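J.: show me the folded form of this:
(2 chains)
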Protein chains: 2
Amino acid sequence: MRLAIVGLGTVGAGVIKLLQENEALIARRSGRPIQVVAISARDRGRDRGVDLSSYEWVDDMGSLAARDDIDVIVELIGGADGPALTLARQSLAHGKPFVTANKAMIAHHGLGLAREAERVDVALKYEAAVAGGVPVIKGLREGAAANRIERVYGILNGTCNFILSTMEKEGRDFDAVLKDAQAKGYAEADPGFDIDGIDAAHKLSILASLCFGTEIDFGSVDITGIRHVVAADIREAETLGYRIRLIGMAECDEEGHNLGLFQRVHPTLVPVDHPLAHVGGALNAVVADGNFVGRLFFQGAGAGAGPTASAVVADIIDVARDEYGPAFAMPAEWLQRQTKADPGQRVERNYIRLRVKDQPGVLAEITAAMRDGGVSIESLIQRSAGESDGVLLAIVTHATAHARIADSLQRIIGSDSLLDQPMVMHILD
Amino acid sequence: MRLAIVGLGTVGAGVIKLLQENEALIARRSGRPIQVVAISARDRGRDRGVDLSSYEWVDDMGSLAARDDIDVIVELIGGADGPALTLARQSLAHGKPFVTANKAMIAHHGLGLAREAERVDVALKYEAAVAGGVPVIKGLREGAAANRIERVYGILNGTCNFILSTMEKEGRDFDAVLKDAQAKGYAEADPGFDIDGIDAAHKLSILASLCFGTEIDFGSVDITGIRHVVAADIREAETLGYRIRLIGMAECDEEGHNLGLFQRVHPTLVPVDHPLAHVGGALNAVVADGNFVGRLFFQGAGAGAGPTASAVVADIIDVARDEYGPAFAMPAEWLQRQTKADPGQRVERNYIRLRVKDQPGVLAEITAAMRDGGVSIESLIQRSAGESDGVLLAIVTHATAHARIADSLQRIIGSDSLLDQPMVMHILD
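T.: Below is the predicted model:
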């Protein structure tokens, strides 16, 4: 089977290296040899640390889809739109199987691409788009296929998990740890995509579609990143028996209660006895609750050249074996459009952290606001805020609709007693 | 697609229940309706808690394979040989896809059945045979297919894990916890298959074949069960920073060093920061180390009607989707026969527990034997053995070839100082 590989950054070079190093083994598992015919990228001159001399370099990637000597197009450019999307459409229009690691493109255009792939009856594969090397697309699309999935959630961004688990280990604050992570290459120079939760939201919207049989709806994901998590939150969470992780979570009511599709990426307190609490460093992990299988847990490297290449080549092997089907587990036309669930109605326990003035009456003011908003307090820790001024309040609420939390906080926003914005994090049950 | 389901015990009834309850969803994900045409089991009269009235009851299961109105045979009888094997051979001989949950049969006859399935070009599927509901066969066969797998290991028997983690939690001894587990249905009345490690060894031999491209070799698995793990071992392990799990581990040297195939099921000390240390209760978990993907970790329910049915029906859906290929990831004729690695040559750290007389000179005798056998001691804890007589010695060795441990122990076997058999457990690195 003859490939064109487009995009030769970290992942592209990793795929080439993997295809070279494991060539014999991949041919055995594919049932036939896999051969790279053509490669294409922006900058021909760059040294990528792999030997590219035996492949034809193609400047015009637009010419690849039409070539008879290419069986599969592998897209590793990235970006939701632009050249990646153009290539995807060309590839499918010419009836060529298309393999990609591009989460942004699948999150934004996956539905349309799936329709087109099914129309021409070729594979559209994207295992590497979610959780890097962890075969979670396959695990959910096929391994858990017999189940109604009630909830899918997990740690979907390695950069955030690296930062949070380093903050946890070293007791340092977000900014310092981010700087370190950037120096070590665990975070991009422009880290917003990761730390603001966009990347995790892309992946979550893909998982949700796959698990619930709904049309991908990236636009309805509620997203909060980890910029405002402070070292004190991690300490208080630990005292309470939790660790903080950026959790992407999706739920969908298939039972006809019309609650809609709930999708949220948010820093979350995870009980220490939950497997996600033990996912450290840059790892990714996904949990799916099925109505027969119970809780499935998948963990592994969520990024990096080797793991991502592993997922890309797994897709290529599936295509070689002719083991593929509809991209989202069922024909795209059967996927249902779901309304967005009202996140205000979700009932759960929450952690609220407030930094307040150290003066009489403040605690009464805060607790009165909670009472008036209808929020019942399960526990409250008050501590000196340390070097900075004021007092830190860490509140755990009983299970409450989120709208009530918002109502309570609305009552104190603008108060002189507050020294900065309250931070609300959900507690995983 | 029309099924015959043979065997209506816990799993068979679970499969029927799942096919009924998730019928619409399964049809969507399969691309076509899945219909049970015929059922067969030994005892027609038994109440199985599911409505069987709409299926044709067949007494002679031998007649099923030849029927034109049946597309797939699902075998849930169990047992390595006998009726299950006969049915498998009939099914394949008639060119009918065959789905099974039968680990013993696959471990003993998987290679021959795979050859036959490939000869007639139909599916042979056995996801439920390993780790119950966890889609680990798929995860390794397909998800990790791009990797040379260097090692595969995990917790493959839920009964043993339930017993060990209960001993850990409650501080009680093996016999008492086993009795409880039997009363609660977590262990069979005749528990040998589980607690002596046979069941885990069946699964391990299947994983090894799949990961290494070797012929299944159940006969070469070194098996030690958990009967001789005592509460004191679990306490000492905890002191040292470990938890005890029954670990099945396989390694194969594909680099041409001719070390052969290493397969072992043995109680093992797992570091508390390893994900396997957090696998509690009746869960199963599998770890695979790939040369590109790194460490993959899969966890979920390893047994029970719902999870096992989930895996069986996932296989059925794969067959309906026409997404299947060689049973062991490559054509059976390409699987290599491997010699058994000499377990005595494996170098690792070990835990040795001895119960000895509380009298002068015993410690000198033991440590001299270790020295003479060439075993270097990393740490040693000596404690009163509690209610029973004697003193408990918990020794951790430096990394040492196992033959040296055996040699050292040989030097003290028969000594008056020993109050019972030494217990050796490996330490997972």
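
J.: residue A:73 contacts residue A:4, doesn't it?
T.: Yes: Residue A:73 is within contact range of residue A:4, at 5.3 Å (criterion: CB atoms under 8 Å). For every residue, glycine as well, the C-beta is placed using N, CA and C.

J.: now do the shared contacts for the two.
T.: residue A:64 (CB atoms under 8 Å, 6 or more residues apart in numbering or on different chains).

J.: measure the residue of chain A most remote from its centre to chain B for me?
T.: Most distant residue from the mean C-alpha position of chain A: residue A:360, 43.9 Å away (CA atoms, centre = their mean). Distance, residue A:360 to chain B, using CB to the nearest CB, to the nearest Å: 46 Å.

J.: how much space between that residue and residue A:27?
T.: Note on residue A:360: its distance to residue A:27, by CB to CB, to the nearest Å, is 76 Å.

J.: now the helices for chain A?
T.: Along chain A, counting by DSSP state H, helices occupy A:10-21, A:23-30, A:82-93, A:103-120, A:136-138, A:158-170, A:174-184, A:192-195, A:198-212, A:231-240, A:305-321, A:362-373, A:402-410.

J.: is chain B within reach of the shortest one?
T.: In other words, helix A:136-138. Yes: contact of helix A:136-138 with chain B (CB under 8 Å from any CB of the partner chain) involves residue A:138.

J.: run the chain-centre distance for that helix.
T.: In terms of CA atoms, centre = their mean, to the nearest Å, the gap separating the centre of helix A:136-138 from the centre of its chain is 13 Å.

J.: which helices and strands sit right next to it?
T.: helix A:198-212 (3 or more CB pairs under 8 Å, 6 or more residues apart in numbering or on different chains; DSSP states H and E).

J.: can you dump the C-alpha coordinates of the helix it packs on into CSV?
T.: The C-alpha coordinates for helix A:198-212 follow below in CSV (Å, rounded to 0.1, in the frame of the first residue of the first chain):
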residue,chain,number,x,y,z
ILE,A,198,-9.4,24.5,23.4
ASP,A,199,-7.3,21.5,22.5
ALA,A,200,-9.1,19.3,25.1
ALA,A,201,-12.4,20.6,23.9
HIS,A,202,-11.6,19.6,20.3
LYS,A,203,-10.9,16.1,21.5
LEU,A,204,-13.9,16.0,23.8
SER,A,205,-16.3,16.9,21.0
ILE,A,206,-15.0,14.1,18.9
LEU,A,207,-15.3,11.6,21.8
ALA,A,208,-18.9,12.7,22.4
SER,A,209,-20.0,12.2,18.8
LEU,A,210,-18.4,8.8,18.8
CYS,A,211,-19.9,7.7,22.1
PHE,A,212,-23.4,9.1,21.8
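
J.: show me what contacts residue A:21?
T.: Residue A:21 sits in contact with B:291-292, where contact means CB under 8 Å, 6+ apart.

J.: pLDDT score for it?
T.: The model reports residue A:21 with a pLDDT of 97.

J.: do the same with residue A:185
T.: 85.

J.: residue A:240 against residue A:270, yeah?
T.: No: using CB under 8 Å, residue A:240 is not in contact with residue A:270, being 11.3 Å away.

J.: more crowded one of those two?
T.: A direct count of neighbours by other CB atoms under 10 Å in any protein chain shown for residue A:240 and residue A:270 places residue A:270 higher, at 23 against 17.

J.: what about residue A:95, neighbour count?
T.: 12.

J.: got a list of what it touches?
T.: Taking CB under 8 Å, 6+ apart, one finds A:120-122 in contact with residue A:95.

J.: residue A:225 now?
T.: Contacts of residue A:225 (CB under 8 Å, 6+ apart): A:160, A:195-198, A:246, A:265, A:267.

J.: before we move on, what about residue A:338?
T.: A:212, A:214-215, A:217, A:252, A:260-261.

J.: gap between it and chain B?
T.: 15 Å.

J.: turn the contacts of residue A:225 into CSV, including pLDDT.
T.: As requested, the contacts of residue A:225 are exported to CSV (pLDDT from 0 to 100):
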residue, pLDDT
A:160, 97
A:195, 97
A:196, 98
A:197, 98
A:198, 98
A:246, 98
A:265, 98
A:267, 98
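
J.: out of those residues, who's the most crowded?
T.: residue A:265 (30 neighbours).

J.: phi, psi of residue A:411?
T.: phi -70, psi -20 (degrees, to the nearest 10).

J.: ok, it touching residue A:369?
T.: Yes: using CB under 8 Å, residue A:411 makes contact with residue A:369 at a distance of 4.0 Å.

J.: OK, contacts around the closest residue to residue A:41 other than its chain neighbours?
T.: Closest residue to residue A:41 apart from its sequence neighbours, by CB to CB, 6 or more residues apart in numbering or on different chains: residue A:8 at 3.9 Å. Neighbour list for residue A:8: A:16, A:39-41, A:46, A:48, A:52, A:76 [criterion: CB under 8 Å, 6+ apart].

J.: ok, the residue nearest the centre of chain A - contacts?
T.: Closest residue to the average C-alpha location of chain A: residue A:200 at 2.7 Å, with CA atoms, centre = their mean. Listed by CB under 8 Å, 6+ apart, the contact set of residue A:200 reads A:156-157, A:160, A:223, A:246, A:248, A:265.

J.: now do residue A:217
T.: Counting by CB under 8 Å, 6+ apart, residue A:217 has contacts A:205, A:208-209, A:261, A:263, A:337-338, A:340.

J.: now pLDDT too, for those residues, in JSON lines please.
T.: Output for these, formatted as JSON lines (pLDDT from 0 to 100):
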{"residue": "A:205", "pLDDT": "98"}
{"residue": "A:208", "pLDDT": "98"}
{"residue": "A:209", "pLDDT": "97"}
{"residue": "A:261", "pLDDT": "95"}
{"residue": "A:263", "pLDDT": "97"}
{"residue": "A:337", "pLDDT": "92"}
{"residue": "A:338", "pLDDT": "92"}
{"residue": "A:340", "pLDDT": "94"}
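
J.: follow-up on the earlier one: from residue A:413, how far off is the residue farthest from the centre of chain A?
T.: 21 Å.

J.: also residue A:22?
T.: From residue A:22 across to residue A:413, the span is 57 Å (CB to CB).

J.: between those two, who's got more neighbours?
T.: residue A:22 (23 against 11).

J.: re the thing from before, show the buried residues in the contacts of residue A:8.
T.: Listed as buried from the contacts of residue A:8 are A:16, A:39-41, A:48, A:52, A:76; burial here means 16 or more other CB atoms under 10 Å in any protein chain shown.

J.: ok, back up a step: what's the most distant pair in the contacts of residue A:225?
T.: Of all pairs drawn from the contacts of residue A:225, the greatest distance, 14.5 Å, lies between A:198 and A:267 (CB to CB).

J.: domain parsing for chain A?
T.: A:2-129, A:136-303+A:335-343, A:344-427 (automatic domain parsing).

J.: check the offset of the second one from the chain's centre.
T.: Spelled out, that is domain A:136-303+A:335-343. Put simply, domain A:136-303+A:335-343 sits 6 Å off its chain's centre (CA atoms, centre = their mean).

J.: swap in the shortest one?
T.: Between the mean C-alpha location of domain A:344-427 and the chain-wide mean there is a distance of 29 Å, by CA atoms, centre = their mean.

J.: now stretch A:312-329
T.: The answer for stretch A:312-329 is 21 Å, by CA atoms, centre = their mean.

J.: flag every buried residue along it.
T.: Here stretch A:312-329 shows A:312-321, A:323-329 as buried, counting by 16+ other CB under 10 Å.

J.: now stretch A:139-158
T.: A:139-158.

J.: what about those residues, which are in strands?
T.: A:149-155 (DSSP state E).

J.: hang on, the earlier thing: next one: the residue farthest from the centre of chain A from residue A:352, what distance?
T.: 21 Å.
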